[in-house]
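Q: Need coordinates for the below:
(chains A and B)
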2 protein chains.
Amino acid sequence: MEDMDIDLAREDDSEAYMLDRKNVSAILYAVEIEDRQKLTELMEPLHAADIADLLEQINAYDRARLIRLYDREFDGDILSELDESIREEVIAILRPDVLADAVRDLDSDDVVDLLEDLEEPQQEAILDALEDADRAVVEQSLSYPENSAGRLMQREVVMAPEHWNVGQAIDFMRTHDDLPEQFYHMVLVNPRMHPVGNVTLGKIMGAHRATPLQTLVEESFQVIPVNQDEEDVAYAFNQYHLISAPVVDEEGRIVGVITIDDAMVVLDEEHEEDILRLAGVGEGSLSDRVFETTMQRFPWLAVNLVTAVLASLVISMFEETIARFVALAVLMPIVASMGGNAGTQSLTVAVRALATKDLTRSNVWRVIRREALVGLINGLVFAVVMGLVGLAWFGSPLLGGVIAVAMVINLVVAGLAGTIVPVLLEKAGVDPALASGSFVTTVTDVVGFFAFLGLAAVMLL
Amino acid sequence: MEDMDIDLAREDDSEAYMLDRKNVSAILYAVEIEDRQKLTELMEPLHAADIADLLEQINAYDRARLIRLYDREFDGDILSELDESIREEVIAILRPDVLADAVRDLDSDDVVDLLEDLEEPQQEAILDALEDADRAVVEQSLSYPENSAGRLMQREVVMAPEHWNVGQAIDFMRTHDDLPEQFYHMVLVNPRMHPVGNVTLGKIMGAHRATPLQTLVEESFQVIPVNQDEEDVAYAFNQYHLISAPVVDEEGRIVGVITIDDAMVVLDEEHEEDILRLAGVGEGSLSDRVFETTMQRFPWLAVNLVTAVLASLVISMFEETIARFVALAVLMPIVASMGGNAGTQSLTVAVRALATKDLTRSNVWRVIRREALVGLINGLVFAVVMGLVGLAWFGSPLLGGVIAVAMVINLVVAGLAGTIVPVLLEKAGVDPALASGSFVTTVTDVVGFFAFLGLAAVMLL
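A: Got it, this is the predicted structure:
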C-alpha cells in the first residue's frame, strides 16, 4: 500500500527540513535486521527534534523496537521534543538507568516541561533520577500554577547591581564558573532585587570598561509577574520584540528569566490550540490513537447534533408548506449553508482579533457595524444570484424573491452573530475559539431555515 | 452606544498588556481639544507597538487628527508595527519631512519590510528619504524574492575567522565601532566565507582568552539559503530552537543573518494566514474597510454557493420521494451537517500536520486509516442516537434505520475526504488551508444527501 499515488515529495524546496524518506526507510531497515551500529550511525546526524518527529511518524511496534535497539544512546532532548501522547509510551519503554541518564542532561525548565504532562509514577521515576539540588529546583518550579510564567522561566539569571560599569560586569562574568548555557542579557537590579533594566551582551562587548551599565539598557524592557498566564507572556514577547525578560514575584523581586525561544514554543502551542478549537478538535494530535481521537472529536459532534436537531425542529414547523412546494426542500439548505459560512468568516476574524488584543472596547461597535454591513452587501449580491437561479430553475419569481430576501437576512445575522458571540463568550471567561462555532452555526441554521420557510409560507400559500 | 453591555474588560489578569481604555479616551480627548503637549505626554510611555494598535483601533477621522497633532514626534517603529491596510493611510497623512525622519531611524530590514507592501509612489518617497548607502542596502534586499530569507535577514553580521581564539574575538568587538544594534552570536567563517559555526556571546564572556572559538560552537547550527521561503525559515527556528542563523548565497558564502525575533513574526503571520484561510477569509484584518472586507470574503462565499447548489441538485433528484415523506426534508440536513463538521475536524488536523511537516509519506496511510476508523466509530454512535431520535419523532423504524446507515457512511467519507483532500492539494502545490474546506464540504454534502435520500427512496418506497 505504501507506493500508491499519494506522495508528499515535491520538486521544489518545500521539502526543506523534512525528514528524508530514504533515511526513514534505512533506519527502519536497520531496526528490522537489528543492526545497532548501523542504526546509531544513521541517527547520529539527526537533531533531537527530528528524531522525535521520526518516532512520532512510525507505528508503535517499530517505535518500541527502535528504542530498545537505540537504548544506550537516548538523548534527553528527544524526550522534550516528543508529543505528549508518544512521550509516556517512550518513557515506559526506556530502561530506568537510560531514562535517568537522559533526564540528568536536561535543563531544569525542560525537566519541568517534561514532568507536567506525566502520570504520578512516571513523574516520581524522573524526579528520583535527579540530583537533590536539581530536584529541589524542579519541585519549586512545579509549585507555580500550570501554564504560568513560573513554569516557563529558567531560574539561573545573570544579574548586576544597577550602579556597575561595563568593566565590573565583564570581570564578574569572566570569573563566574556557572553561567547558564544560554543567556543574552545582563539584568540590572536595585538593592531590593527589583529588576530595572536589561543590557545586551553585545552592548557590553562594544562599550568601554568605564561606561555605566545604566546608559546601555534596552528601550524595550518588560517585567513578567511569576503568576502571569503563559499566553500573555508569549503576547508580550511578540508585541514588544523581547529577547529575554526577568520574572518577578509578588513583591517585585527577580526570581527567574524567560527567553524568547520558550515564548516562541508557547506562541506556537497557542496558535495550534486556536486552530484546533475553532474546528472543534480539542487537543488532538496526529500521533493520538484511534480511541483517543474519537473521544476528542465526539463532544463537538454531539453539540453539532443538538444544533442540527434544533434546525430540523424549525423545518418541521413548515412540513405542510414543504409538502405543497417540494422545491423549498431543494433550495432551503442553500440559505443555511451560506449563513454558516459567512458566520464562520466573521467569527474567525473576531476570535483572532480577541487573541491578539486588537478587538477592544474602543472598536467593538465599529467592528460589529462593519460585519453587519459586509453581510448586507454580500447578502444583496448573492440574493440577486440566487433569486435568478431560483427563477430559472423553478420558474417562480415568487420563489426567487423568497430565497433572495432570506439570503440577505441570514448573511446580516451571520455577520452580527459572528462578532457578538465571540465577544460575549470572551467576556464570560469562555475561550471564544472553543465555543463560538456551535453558537454561531445554530443561529445561522435556525434563522436561515426560519426566514426562508417562513417567508415561503407567507408568500406562496 | 459606547456604554452598552458589551464590555471586554474583565476582573482577572487577562487584561495584561491590553491598551488601557481610560488611556485611549484621554488620548482622544487631547486630540479633540488639540492639546499637543498633553497628547505627547500621554503617548510618551507607550511602546511603538501599542501606539500602532491604538491607531488601528480608532476610526479614520480620529486617526488623521491624531497623527497631524502628533506629527513632529512620529517614530519610525510605529510605521513598522502598523497593519498594512492602515500603514498606507498613515504614510499619506505624514508630512514628507516627518516621514523622512521616521524612516531614517529604522534598521535596513525594517525599511524593507515597510516598503514591500507599499505602492510605487510611496516606495519612492521613502527611498528618497534614505541616505545613499542605506538606499543601496535596501534596494539590494528588495532584489531577493518576496517572502524569502533574503528579505528577512539583516546584512550586518559579526564574523570571525574560524581559527580565532576568545581574546581575538573580544579585541575585535571592543575596537569595532559599528556593531549591529542587536546581535547574540559571533559567526565563524572559513577562508571561503562559508559559515561553519555560531558562538554565543555568553560563551565568549565566560571563557579564557586563549580558548579557541571552535571549541565553543553551538550544537544547533543551521545555515539558511538566501532564497529559502520565509515559512521554512520560521519552521527551522521553531524546530531547532535557533536564536540566530547565518544566511548564505548560492555559493555558500555568508550574506546576512536572521534572528529569532524576525522568525517569530513570520511564524505568527503564517499561523494567522492558516487560521483565516481555513475559514475562507483570505488576508483579512480588523482594520480593513467595509468594501475591502466584502471583497475578501466574497470568493469563498461564491465557491460555497456552487457547493450548496450542487447539494441542491442532489436533493432535487429525490423530489418525488420527499413529496411522499416530508419527514425526509426535516431530517436530511442532519446527516449533511454532521458530515460537514466531522470533515472539518479531520481536515484541520491534516492541514496543521502538513504545515508542521508531521504528516509525511511515512505515515499518511496510517493517518487515513485512523481517520476512517474514527469516522466509523463516531458514525456508529451517532447512528444509534439518530436512529432512536428518528424512530421516536416519526414512529418509523425504517426511517430510523435509513438515517443511521446514512450517518455511518457520511462520517467515514468525512474522515477519508478530510485527510485525502488536503494531502492531494499539498501535492498539487495548492495551499491546503485555502481550498480544503470547500472540497471536503462538497463531498460531505453530496454524499450526505445522496446516501440519506437514496436509501430512503429504496427502503421506504
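
Q: just checking, A:Ile258 is part of a strand?
A: Yes - A:Ile258: assigned to a strand according to DSSP: H, G, I helix; E, B strand; the rest coil.

Q: any idea of the pLDDT on it?
A: The per-residue pLDDT reported for A:Ile258 equals 93.

Q: Show the contacting residues for the closest residue to it other than its chain neighbours.
A: With sequence-adjacent residues excluded and distances taken as C-beta to C-beta, 6 or more residues apart in numbering or on different chains, A:Ile258 is closest to A:Met153, at 4.8 Å. (Glycine included, C-beta is placed from N, CA and C.) With contacts defined as C-beta atoms under 8 Å, 6 or more residues apart in numbering or on different chains, A:Met153 is in contact with A:Asp109, A:Ser141, A:Ile224, A:Val226, A:Val247, A:Val255, A:Gly256, A:Val257, A:Ile258, A:Asp262.

Q: how close does A:Met153 get to chain B?
A: As judged by C-beta to the nearest C-beta, to the nearest Å, A:Met153 and chain B stand 16 Å apart.

Q: And that residue, its phi and psi?
A: Geometry field for A:Met153 lists phi and psi as phi -80, psi 160, criterion degrees, to the nearest 10.

Q: Which element, helix or strand, includes whichever residue of the stretch 301-450 of chain A sits closest to chain B?
A: Residue nearest to chain B within the stretch 301-450 of chain A: A:Thr348 (3.5 Å; C-beta to the nearest C-beta). Assigning secondary structure by DSSP states H and E places A:Thr348 in helix A:326-355.

Q: What residues of that helix count as buried?
A: Using 16 or more other C-beta atoms under 10 Å in any protein chain shown as the burial criterion, the residues of helix A:326-355 that qualify are A:326-355.

Q: sorry, back to before: ok, now which ones touch the residue of the stretch 301-450 of chain A closest to chain B?
A: Here A:Thr348 is in contact with A:Leu278, B:Ile275, B:Leu276, B:Leu278, B:Ala279, B:Val281 (C-beta under 8 Å, 6+ apart).

Q: OK, contacts around the second one?
A: The one in question is B:Ile275. A:His271, A:Asp274, A:Ile275, A:Leu278, A:Thr348, A:Arg352.

Q: can you check the fifth one too?
A: By C-beta under 8 Å, 6+ apart, the contact set of B:Ala279 is A:Leu278, A:Thr344, A:Gln345, A:Leu347, A:Thr348, A:Val349, B:Gly437.

Q: And the helix or strand containing A:Ala417, what does it pack against?
A: A:Ala417 is located in helix A:397-427, with elements delineated by DSSP H and E. For helix A:397-427, the packing partners by 3 or more C-beta pairs under 8 Å, 6 or more residues apart in numbering or on different chains; DSSP states H and E come out as helix A:326-355, helix A:364-394, helix A:432-460.

Q: How far off centre is it?
A: 30 Å (C-alpha atoms, centre = their mean, to the nearest Å).

Q: Report the buried residues of that helix.
A: A:399-423, A:425-427.

Q: And for stretch A:178-196?
A: Result for stretch A:178-196 [16+ other C-beta under 10 Å]: buried residues A:Leu179, A:Gln182, A:Phe183, A:Tyr184, A:His185, A:Met186, A:Val187, A:Leu188, A:Val189, A:His194, A:Pro195, A:Val196.

Q: ditto for stretch A:113-120
A: Under 16+ other C-beta under 10 Å, the buried positions of stretch A:113-120 are A:Asp113, A:Leu114, A:Leu115, A:Leu118.

Q: For the contacts of B:Ile275, which two are the farthest from each other?
A: Across these, the longest distance by C-beta to C-beta is 13.1 Å; it joins A:His271 and A:Thr348.

Q: How confident was the prediction at the residue nearest to A:Leu347 when sequence neighbours are not counted?
A: Ranked by C-beta to C-beta, 6+ apart and with sequence neighbours excluded, the top spatial neighbour of A:Leu347 is A:Gly418, at 4.1 Å. pLDDT, A:Gly418: 95.

Q: my read: A:Gly418 touches A:Asn341, true?
A: No - the criterion here is C-beta atoms under 8 Å, and A:Gly418 misses it with A:Asn341 at 10.2 Å.
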